[in-house]
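I would like to see how this sequence folds:
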Amino acid sequence: MTERPIKVLIAKPGLDGHDRGAKVLARGLRDEGFEVVYTGLRQTPEMVVTAALQEDVDIVGLSILSGAHMTLVPRICQLLQAGGLSDVLVTAGGIIPDDDVPALKAAGVSAVFGPGTTIAEVADYFRANARPRE
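Below you'll find the predicted structure:
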């Protein structure tokens, strides 16, 4: 029996209405062999965590361009912990100032991918760091 592919949830939390990058990443990760679930726009932290739980994902990738990352991302990390999903790898991408990265990592984010990051770099990071759920 073959191992199941790493399952990734790509989410757009908050009021950010720009999703081209998230869609390109989702497609690229599928092409790299990942199973990808895309939540669509304007998700609340609760909606993101519910989707992660229902879909039994290994990774939650948060795409944020709105500037609300310091509110939304820590809340999502808290809810994942509370929901028993502490083994899910959480990453963020988008327009996130370097000065905010340490606080996001302290909140539970494993990596922050900025503009110019390639799909291959994200895929390699996911393969190296995801812990597939059983």
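
Val37 should be in a helix, yeah?
No - applying DSSP: H, G, I helix; E, B strand; the rest coil, one finds Val37 to be strand, outside a helix.

my read is that it contacts Leu9, right?
Yes - using Cβ atoms under 8 Å, Val37 is in contact with Leu9, at 4.9 Å. Where C-beta positions appear, they are placed from N, C-alpha and C, glycine not excepted.

joint contacts of the two?
Taking Cβ atoms under 8 Å, 6 or more residues apart in numbering as the criterion, Val37 and Leu9 both touch Ala51, Glu55, Val57.

the helices in the protein, which residues?
Ranges of helices in the chain, per DSSP state H, are 20-31, 45-55, 69-82, 101-107, 119-129.

now the ones you listed in CSV, with mean pLDDT and distance to Gly61?
Converted to CSV, these look like this (pLDDT from 0 to 100; distance: least, Cβ to Cβ, whole Å):
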stretch, mean pLDDT, distance to Gly61
helix 20-31, 96, 7
helix 45-55, 98, 10
helix 69-82, 97, 11
helix 101-107, 98, 13
helix 119-129, 98, 8
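
can you say which of those is nearest to Ser63?
For Ser63, the closest of the helices of the chain is helix 20-31, at 4.1 Å, according to Cβ to Cβ.

thank you kindly, that will do.
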